[in-house]
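Trainee: task: produce atomic coordinates for the following.
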Amino acid sequence: MRKYYYRKLLIALFVINIVGICAVYFKYCRNVLPNAIELTMGEKACLKYDVPAVGMVKDQKIKLNQPFVLTKDSVGQDEIKAKLFGTIPLKDIKVNVVKQKTLVPSGKIVGIYVETNGILVLETDMITGVDGGNHTPSANKLYQGDYILSVNGSKVETKVDFMKKINECNGKEVTLQVIRNHKKTKIKVQPVQSVTDSQYKIGAWVRDNTQGIGTMTYVAGNEFGGLGHGICDMDTGKLMDIKGGYLLTPQIDTIQKGKSGSPGEIVGSIYYKEANLLGTIRKNTKYGIYGTTQSDKKDKAYRIGYKQSVKTGKAQIISCISGKRETYDIEIKSVDQSNHDVLKGMEIEITDPKLLKQTNGIVQGMSGTPIIQNNHIIGAVTHVFVDDSTKGYATFIENMLNSSK
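Mentor: Residues are numbered from 1 along each chain as shown. The predicted structure follows:
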């Protein structure tokens, strides 16, 4: 009897393992296939994916693990219905056919100033009150990443304005309107009079703006895209919800070279005056920042190279890190068209002796540096390897363009 149950247990474990392996493989195959393919009208795209799947485009069957060509002479959208082994529904891949587009790669080093859409809560803290007691009025009420929009129905625009309104309550309970996880909610908090300065406070560290240095990726007319990744708060680590901001000409003081274990950095200052204004920022997304700027018509426009056209091998970046707009050689070490991490679609290495002498590779502030291959703009630098500053990651340009809409 024991042997019988033992065999059943072994069979059950075997089945569970097989199901688990199948599930992992299915997920792997889904990740290998892109969610969408961008295709320029009239051009041919030769594709191949290492997945034993069959794709259906209308009535046409395509073996996705063998080279196949996509082309279309009109703007529109198609769909490839992919099935694993030709039978198991795997993924519906959108094929977006667009008109030929050009962008002007920038490479300009810019100062970035953005204001939060509400007062960002960093953390809650303890207050010692005039009564000698320790109080935590915001504990378990406000949370890191909350955005405070108003106090007792009165809108707050700045941190100073927020602190003033809290103090003016004279210790009476206040109602805060807060955005948490993209939903509005109301929170009641009892301010405490601080023994330090006799001001009424709610025991919360807050922020209303941030600034830094980065790189403008491209200009299209009067619109720009930059950074290649979003602006995240240094304390919360979350993508910042912004109401707007400015691009400014920074004063570059020095460039700290990168070394193993310590990424380098463009060190400079941002002075908020009209003469330094380069443009306005309207949007902060996972794939970069977007807004308006003055176009520079003297710089060459490049056609867009979508991810299926990106190859390992030689490429270039355009950067103004030396003080003037220059082209530097890089090598694309690997290309990942999957959706595993779209900010790391390419692994790149700086090979240009002049740039290596100046920076030792990629430094902080170069995020957004445009990448050119075969006379097409294909992406932007996003990350530097901490242990090797000559190497880093880049995102495909189509990620930035789709996010700008």
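
Trainee: my guess is residue 165 contacts residue 156, does it?
Mentor: Yes: judged on C-beta atoms under 8 Å, residue 165 makes contact with residue 156 at a distance of 6.2 Å. C-beta here means a position set from N, CA and C on the backbone, and glycine is covered the same way.

Trainee: neighbour count for those two, which is higher?
Mentor: Neighbour count, other C-beta atoms under 10 Å: between residue 165 and residue 156, residue 156 has more, with 22 against 18.

Trainee: quick one: that one from residue 173, how far?
Mentor: Distance, residue 156 to residue 173, by C-beta to C-beta, to the nearest Å: 17 Å.

Trainee: which residues in the stretch 301-405 of the chain form helices?
Mentor: Applying DSSP state H, counting those that start in this stretch to the stretch 301-405 of the chain gives helices spanning 353-359, 397-404.

Trainee: likewise the chain?
Mentor: 2-32, 159-167, 353-359, 397-404 (DSSP state H).

Trainee: can you tell me which of those helices is packed in deepest?
Mentor: Ranked by mean neighbour count, the helices of the chain are led by helix 397-404 with a mean of 22 (mean count of other C-beta atoms under 10 Å).

Trainee: residues contacting that helix, please?
Mentor: The contact list for helix 397-404 (C-beta atoms under 8 Å, 6 or more residues apart in numbering) reads 38, 101, 103, 217-218, 223, 225, 228, 283, 285-288, 290, 304-307, 342-343, 345, 370-371, 377-380.

Trainee: next one: stretch 257-276
Mentor: 109, 111-113, 211, 213, 246, 248-256, 321, 358-366, 384, 386-389.

Trainee: buried ones in it?
Mentor: Counting neighbours by 16 or more other C-beta atoms under 10 Å, one finds that the buried residues in stretch 257-276 are 257-258, 263-266, 268, 270.

Trainee: same question, stretch 69-83
Mentor: Applying 16+ other C-beta under 10 Å to stretch 69-83 flags 70, 72, 80, 82-83 as buried.

Trainee: from the buried residues of stretch 257-276, which ones fall inside strands?
Mentor: 264-266, 268 (DSSP state E).

Trainee: ok, those vs residue 97, which is closest?
Mentor: Distance to residue 97, by C-beta to C-beta, is smallest for residue 266 among these, at 39.3 Å.

Trainee: list the contacts of the spatially closest residue to the closest one that is not a sequence neighbour.
Mentor: Of all residues not flanking residue 266 in the chain, residue 365 sits nearest, at 3.2 Å (C-beta to C-beta, 6 or more residues apart in numbering). Residues near residue 365 by C-beta under 8 Å, 6+ apart: 109, 212-215, 265-266, 321.

Trainee: buried ones from those, can you make that a ChimeraX selection?
Mentor: To isolate the buried members of these in ChimeraX, using 16+ other C-beta under 10 Å:
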select :109,212,213,214,215,265,266,321
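
Trainee: dump the contacts of residue 365 to CSV, plus pLDDT and distance to residue 150.
Mentor: Shown next, in CSV, are those (pLDDT from 0 to 100; distance: C-beta to C-beta, whole Å):
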residue, pLDDT, distance to residue 150
109, 94, 37
212, 91, 28
213, 93, 33
214, 94, 31
215, 96, 36
265, 89, 38
266, 89, 38
321, 93, 43
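
Trainee: pick the one among the contacts of residue 365 closest to residue 19.
Mentor: Out of the contacts of residue 365, the member with the shortest distance to residue 19 (by C-beta to C-beta) is residue 214, at 46.2 Å.

Trainee: beta partners for residue 331?
Mentor: residue 314, residue 349 (DSSP bridges).

Trainee: surely it is in contact with residue 311?
Mentor: No: applying C-beta under 8 Å as the test, residue 331 and residue 311 come out as separate, 11.0 Å apart.

Trainee: and those two? which has more neighbours close in?
Mentor: residue 331 (16 against 13).
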